[in-house]
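[1] task: produce atomic coordinates for the following.
(one chain, ligands or ions: 1)
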Amino acid sequence: MPSPMERPFPGRERTNKMPNVSLNESGPSTDCHVAVIGAGPYGLSAAAYLQDAGLGVKVFGEPMAFWSERMPRGMLLRSPRVASNIADPRAALTLEAYEAATGTQPVAPVPLSTFVSYGRWFQQQLEASLVRTPVVNVARAHSAFRLTLKDGVTLTSRRVVVAAGIGAFRRRPEAFARLAPSHLSHCYEGRQIADFRGKRVAVVGAGQSALESAALLHEAGAEVEVIARLPALRWIGQHSWLHGLGPLSSLLYSKHDVGPVGISRLVAYPNVLFRFPLSVRDKVRTRAVRPAGAPWLVDRLASVKVTTGQTIAAADSVGKEARLRLQDGSERRVDHVLLGTGYRVDVSRYEFLSTSLLATIRQRDGSPVLAVGFRSSVPGLHFIGAAAARSFGPLLYFVAGTEFASQALSSHILENPLNG
Ligand SMILES: Cc1cc2nc3c(=O)[nH]c(=O)nc-3n(C[C@H](O)[C@H](O)[C@H](O)COP(=O)(O)OP(=O)(O)OC[C@H]3O[C@@H](n4cnc5c(N)ncnc54)[C@H](O)[C@@H]3O)c2cc1C
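    Numbers count the residues shown, from 1 in each chain. The predicted model follows:
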């Protein structure tokens, strides 16, 4: 069997805080012990913990591809600095450590370009093998998994950790189905903001992606209108005084700052939230990540037209224009429609999961049903990141969740050998 292209990583010195164990799992011999699909914050963090535990890990994918290719240039991170660390078991590869190592000026909010470079630097510190070629198929092979890469190479692994992010889950509401492809894009694709200079752009949505894209488009010289279903735009941090109460504030909000007062504390304990009934978890999740913009966008959007309380009833392309009909009967003619309509987890949209494997993954409305250790109903198959948010709560949507996810995943794998 040909071996995939690999690039050896510069090693970093081991300390002896964690045992370098080898797992005593019986079963077929495989090319690696754990295959991690996706080299974003979750995949890289998981690899750091798993390699530290002495497991043979391969990470698949271009490091930080989603952040470098799919987010608008000039974007600022919404998460605070302290919640923007990609976790590693020794807390040695923090954002601060990256800045110190590279002479990067620490600033808040964190610029996208800094975060992308930080993630790539993090990856370079790992010993785990990186295979940049994407995985196109994962299938069960006896009691292991067979992975096929885009270049046709195949390899086997005892376990697979899916850390493939949200790119596959972008939502395109049905109302836009009749627009010509050239008239429509999702924020996921809208990175080349400068291309819209002088163009009329309708941005649909009221979340951070939509609002930040609208601000960047406006600043790039586009004529922008934000159209949102909400009765009014919401802004994060409306009660900023609650953050300035010293020790009392830390009782109200966790350092991750995901969710409003009180809920923020609960969200910080995914293993506690996991034990709540699904209906409660769903309520907490929905409340914690409801559409809202970061406070620094308020001024930047001050001269942008915003229409709230309106849904798009119909959309079609008329010659060179996109025509939108709003619920109130009014019409808009624009050059382009940018959807900031978010993402909805549906693992069947991970095209690399074979049909037969997908059929054996227990799901609820598209989310995999997960147990402790992020394990799915298929032995040896784990999901981390946004795909795990329905089970472990909204922290898993954010970089701040990497610490919990990687710790829980690696402990579970070490303590629960697969047999057979
Ligand atoms: C506009 C925007 C702004 C955001 N801002 C923040 C923020 O400020 N702070 C924050 O914490 N979160 C933010 N998020 C959420 C952010 O997406 C997640 O925090 C983060 O990306 C989760 O990391 P991940 O590793 O799960 O996913 P990703 O970063 O998406 O990484 C997954 C990777 O897997 C790769 N992949 C997918 N399929 C395959 C395959 N078959 N083979 C190989 N590789 C594959 C993808 O290309 C991708 O690079 C933001 C999201 C958006 C859309």
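[2] domain parsing for the chain?
    Using automatic domain parsing, the domain ranges for the chain come out as 32-169+343-415, 174-234+291-339, 240-288.
[3] ok, then the element right after the helix or strand of the chain with the lowest mean pLDDT?
    One helix or strand of the chain scores below all others by mean pLDDT, DSSP states H and E: helix 247-252, with a mean of 70. Heading C-terminal from helix 247-252, the first helix or strand you meet, by DSSP states H and E, is helix 263-267.
[4] what segments of the stretch 51-200 of the chain are strands?
    In the stretch 51-200 of the chain, the segments counted as strands under DSSP state E, counting those that start in this stretch are 57-60, 129-131, 135-141, 144-149, 154-162, 184-186, 200-204.
[5] out of the ones you listed, which is the most enclosed?
    Burial of those is given as mean neighbour count (mean count of other C-beta atoms under 10 Å); strand 57-60 ranks first at a mean of 26. Just so you know, the C-beta spots here come from the backbone N, C-alpha and C atoms, and that holds for glycine as well.
[6] do it and the ligand meet?
    Yes. On the criterion C-beta under 6 Å from any ligand atom, strand 57-60 is in touch with the ligand at Phe60.
[7] against which helices or strands is that strand packed?
    strand 32-37, helix 41-52, strand 129-131 (3 or more C-beta pairs under 8 Å, 6 or more residues apart in numbering; DSSP states H and E).
[8] burial of the residue in the stretch 301-420 of the chain positioned nearest to the ligand, as a residue count?
    For the stretch 301-420 of the chain and the ligand, the shortest gap (C-beta to the nearest ligand atom) falls at Gly385, measuring 2.8 Å. By other C-beta atoms under 10 Å, 28 other residues sit near Gly385.
[9] and the domains of the chain, which is most packed in?
    The highest mean neighbour count among these, using mean count of other C-beta under 10 Å, belongs to domain 32-169+343-415: a mean of 20.
[10] and that domain, average pLDDT?
    In this model, domain 32-169+343-415 has a mean pLDDT of 96.
[11] could you find the closest non-adjacent residue to the residue of the stretch 301-420 of the chain closest to the ligand?
    Leaving aside its chain neighbours, Gly385 sits nearest to Tyr42 (4.1 Å; criterion: C-beta to C-beta, 6 or more residues apart in numbering).
[12] which residues touch that neighbour?
    Tyr42 makes contacts with 163, 165, 384-385, 401-402, 405-406, as judged by C-beta atoms under 8 Å, 6 or more residues apart in numbering.
[13] which residue lies nearest the spatial centre of the chain?
    Gly165 (4.5 Å; C-alpha atoms, centre = their mean).
[14] all helices for the stretch 251-400 of the chain, in order.
    Counting by DSSP state H, counting those that start in this stretch, one finds helices in the stretch 251-400 of the chain at the ranges 263-267, 270-273, 278-288, 297-300, 355-359, 389-392.
[15] can you add distance to the ligand and give those back as TSV?
    Formatted as TSV, these follow (distance: least, C-beta to the nearest ligand atom, whole Å):
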stretch	distance to the ligand
helix 263-267	13
helix 270-273	14
helix 278-288	13
helix 297-300	12
helix 355-359	13
helix 389-392	10
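[16] where among these is average confidence lowest?
    Ranked by mean pLDDT, these bottom out at helix 263-267, with a mean of 87.
[17] mind exporting the C-alpha coordinates of that helix to CSV?
    Taking Å, rounded to 0.1, in the frame of the first residue of the first chain, the C-alpha atoms of helix 263-267 are listed here in CSV:
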residue,chain,number,x,y,z
ILE,A,263,-25.7,30.9,31.0
SER,A,264,-22.1,31.8,30.2
ARG,A,265,-21.1,29.9,33.4
LEU,A,266,-23.1,26.8,32.5
VAL,A,267,-21.7,26.8,29.0
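[18] which helices and strands sit right next to it?
    Applying 3+ C-beta pairs under 8 Å, 6+ apart, one finds that helix 263-267 contacts helix 247-252, helix 270-273, helix 278-288.
[19] try 7 Å this time
    In terms of contacts (3 or more C-beta pairs under 7 Å, 6 or more residues apart in numbering; DSSP states H and E), helix 263-267 is packed against helix 278-288.
[20] which residues does the helix it packs on contact?
    Identification of contacts with helix 278-288 by C-beta atoms under 7 Å, 6 or more residues apart in numbering yields 258-260, 263, 266-267, 273, 389, 393-394.
[21] how about the secondary structure of the residue of the stretch 201-350 of the chain found nearest the ligand?
    Closest residue of the stretch 201-350 of the chain to the ligand, C-beta to the nearest ligand atom: Ser209 (4.1 Å). At Ser209 the chain is in helix, as set by DSSP: H, G, I helix; E, B strand; the rest coil.
[22] residues in contact with it?
    187, 340.
[23] which pLDDT value goes with it?
    Taking Ser209 on its own, its pLDDT is 92.
[24] also the one 4 residues further on?
    Taken from the predicted model, the pLDDT recorded for Ser213 is 94.
[25] okay, whichever strand or helix holds it in PDB with CA atoms only?
    Here Ser213, judged by DSSP H and E, is contained in helix 208-219. C-alpha atoms of helix 208-219 as PDB (Å, rounded to 0.1, in the frame of the first residue of the first chain):
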ATOM      1  CA  GLN A 208     -21.600  38.300  13.400                       C
ATOM      2  CA  SER A 209     -20.700  36.900   9.900                       C
ATOM      3  CA  ALA A 210     -23.400  39.000   8.200                       C
ATOM      4  CA  LEU A 211     -22.800  42.200  10.100                       C
ATOM      5  CA  GLU A 212     -19.000  42.000   9.900                       C
ATOM      6  CA  SER A 213     -19.200  41.300   6.100                       C
ATOM      7  CA  ALA A 214     -21.600  44.200   5.800                       C
ATOM      8  CA  ALA A 215     -19.100  46.500   7.500                       C
ATOM      9  CA  LEU A 216     -16.200  45.300   5.400                       C
ATOM     10  CA  LEU A 217     -18.200  45.700   2.200                       C
ATOM     11  CA  HIS A 218     -19.300  49.200   3.100                       C
ATOM     12  CA  GLU A 219     -15.700  50.100   3.900                       C
END
